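1. Sequence and predicted structure below; questions after.
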Amino acid sequence: GKYKVISFFAKRARGLMARYAIEKKLATVKKLEGFDAEGYRFEPKVSGPDRLVFRRKQAS
């Protein structure tokens with residue numbers, strides 16, 4: 001299927017990612033690629049130099 005951005009999940013993911021960056025004391029954006037909370041994972045094939053894409057499987 002096709003991926004869609006669902007604002008509720010996007011907002012939650014941003015918060016989780018911010019927490020990850022703070023707790024890990026990340027100094028570079030590149031290190032965000034290790035973010036994997038709540039099933040999210042980095043998708044390098046659809047990401048670009050100015051846009052990191054993270055996806056998660058749809059909840060059943």
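-> Thanks, I have the structure now. Not measured: the values here are computed from a predicted model.

2. Point to the residue nearest the middle of this protein.
-> Nearest to the mean C-alpha position of the chain, by Cα atoms, centre = their mean, lies Phe54 at 3.8 Å.

3. Could you check how far that one is from Val29?
-> Applying Cβ to Cβ, to the nearest Å, the value for Phe54 to Val29 is 13 Å. C-betas here are computed from N, CA, C, even on glycine.

4. which residues does the residue nearest to the centre of the chain bridge with?
-> Phe42 (DSSP bridges).

5. Just the pLDDT for it.
-> pLDDT recorded at Phe54 is 96.

6. residues touching it, list them.
-> Neighbour list for Phe54: 13, 17, 35, 40-43 [criterion: Cβ atoms under 8 Å, 6 or more residues apart in numbering].

7. Make a PyMOL selection of whichever of those residues turn out to be buried.
-> Of these, the buried ones go into a single PyMOL selection, burial set by 16 or more other Cβ atoms under 10 Å:
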select buried, resi 13+17+35+40
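
8. For the chain, give me the ranges with low pLDDT.
-> Applying pLDDT under 70 to the chain flags the ranges 59-60.
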